[in-house]
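Q: My questions are about this predicted structure, shown below with the sequence.
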Amino acid sequence: MQCYLCDSEITELNKTNEHIIPRGLGNNIESATVLCNPCNNELGSEIDAALISQLGILYQLVALARPGTRNDAVTNGLLDDGTPVRFEGLLKPEIPVEIHLPGIAPVKFTAQRDEIESKARKKLVQLKRRFLDLDIDKAIAGLEIKEYPERLIYFSNSSDPKQSMVGSPAFFRGIKKIAVNFYLHTGGDPMYIRDVIHQVRTGEPAPQVISKFYYPAIRPVYVPSEGEVSHLIKLVGDLEMGVLYCYVELFNTNSAIILLNDNYDGPAINQQYHYDLINRQHLTVPITLPFKNRSHVTDHFIVDRNTNMEGNATYQRTRRKLEELIRAKGLFI
Ligand SMILES: [Zn+2]
């Protein structure tokens, strides 16, 4: 076996486990026969960087949404109006509280919900040294507790929680790498996908457009069940149509299709990988891509369809679903 990026032979000394889908996006399959160790370390992470920077937040949310896991990867949030929300241990947001006393500016602090009263009492005891006639119980009864509008909080561990625009040549380079990884991992012969390997290796744009977002107008390729967020790869080598192509749907959003060979005469291929990231299980629902003839496939790559709207809509749908799953775990009591 040869490394498809540098062509060196994969041996006991330089072998490594390559993640078919980057680890930062929730990988469940590895292959020891596609990349050598230096390529996996250096070029691999460079190619994966755009994908992870654009979609990595979804995997961090997945980590929080999974049943039974407690993860403090998410440390920041943002309200719709831009107000930052800070998370403390157990992923509970600290709640802003104000003590209003006559004659002085409000005393502001943040606290976990079950600590509000004790924190307020401590502050009031200190204040009583200066304001002798302060009625602590009355001040506590009058605390102003700022409730977050729960549905409007965006979770994040970055300063840009609303980031959602996905795409770019670097993004598609990463998607092509997933398609190449999966094709080779499932036994495909590299000679059929030389052009795409060259694009993954060099980062050069395709001589013709061979990668697109893909959102069929009539019905989506796959509708995930409630409580599921999955990765889906569908690889098809169709001899009648003479095409080899790969559909990659990450987090049930930003579906992309990669044309691997438009003059394909190799073995028939119908391979599918489908993994539910939330419930950590492989799914076996047969997925059919709605291509009925050769021109249907190849025209897709010639006709420029504007799919930004659909991409953004599915991204927001996945994000909302993850945030609802997280809230259902009692993050906000
Ligand atoms: Zn290599």
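A: All right, it came through fine. Numbers count the residues shown, from 1 in each chain.
Q: From Leu325, how far out is the spatially most central residue of the chain?
A: Closest residue to the average C-alpha location of the chain: Leu58 at 3.1 Å, with CA atoms, centre = their mean. Going from Leu58 to Leu325 by CB to CB, to the nearest Å gives 12 Å. Quick note: C-beta positions are derived from backbone N, CA and C, even for glycine.
Q: Mutual contacts of these two, please.
A: Here Leu58 and Leu325 have no joint contacts, going by CB atoms under 8 Å, 6 or more residues apart in numbering.
Q: Would you mind listing the outside residues contacting stretch 125-135?
A: Ile99, Leu101, Ile104, Val107, Leu124, Ile136.
Q: which parts of that stretch are buried?
A: Buried positions in stretch 125-135, judged by neighbour count with 16 or more other CB atoms under 10 Å: Leu127.
Q: Leaving out sequence neighbours, find the closest residue to the residue in the stretch 201-333 of the chain positioned nearest to the ion.
A: Relative to the ion, the nearest point of the stretch 201-333 of the chain is Arg201 (9.4 Å; CB to the ion). Excluding the flanking residues, the one nearest Arg201 by CB to CB, 6 or more residues apart in numbering is Leu5, at 5.2 Å.
Q: Report the distance from the one helix or strand Val125 maps to to the chain centre.
A: Using DSSP states H and E, Val125 sits in helix 116-130. Put simply, helix 116-130 sits 44 Å off its chain's centre (CA atoms, centre = their mean, to the nearest Å).
Q: Using PDB, list the CA coordinates for the helix or strand just after that helix.
A: Next helix or strand after helix 116-130 toward the C-terminus (DSSP H and E): helix 136-141. Provided in PDB are the C-alpha atoms of helix 136-141 (Å, rounded to 0.1, in the frame of the first residue of the first chain):
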ATOM      1  CA  ILE A 136     -30.600  42.300  54.600                       C
ATOM      2  CA  ASP A 137     -33.700  40.200  54.300                       C
ATOM      3  CA  LYS A 138     -35.600  43.000  52.600                       C
ATOM      4  CA  ALA A 139     -32.700  43.500  50.200                       C
ATOM      5  CA  ILE A 140     -32.600  39.800  49.400                       C
ATOM      6  CA  ALA A 141     -36.300  39.800  48.700                       C
END
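Q: Averaged pLDDT, the next helix or strand along the chain from helix 136-141. What do you get?
A: Moving toward the C-terminus from helix 136-141, the next helix or strand (DSSP H and E) is strand 144-145. For strand 144-145, mean pLDDT is 90.
Q: Just name whatever secondary elements strand 144-145 is in contact with.
A: strand 95-99 (3 or more CB pairs under 8 Å, 6 or more residues apart in numbering; DSSP states H and E).
Q: Just the CA atoms of the strand it packs on, as PDB, please.
A: Presented in PDB, the C-alpha positions along strand 95-99 are these (Å, rounded to 0.1, in the frame of the first residue of the first chain):
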ATOM      1  CA  ILE A  95     -26.800  34.300  36.200                       C
ATOM      2  CA  PRO A  96     -26.400  38.100  36.500                       C
ATOM      3  CA  VAL A  97     -27.900  39.500  39.700                       C
ATOM      4  CA  GLU A  98     -28.300  43.100  41.000                       C
ATOM      5  CA  ILE A  99     -28.800  44.300  44.500                       C
END
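Q: which other helices and strands contact it?
A: strand 107-111, helix 116-130, strand 144-145.
Q: Identify the residues contacting that strand?
A: Counting by CB under 8 Å, 6+ apart, 106-113, 116, 119-120, 123-124, 127, 139, 143-148 sit against strand 95-99.
Q: Quick check: buried residues in it?
A: Ile95, Pro96, Val97, Ile99.
Q: can you give me the angle it makes with strand 107-111?
A: On the basis of axes from the mean of the first three to the mean of the last three CA atoms, to 10 degrees, strand 95-99 is oriented at 150 degrees to strand 107-111.
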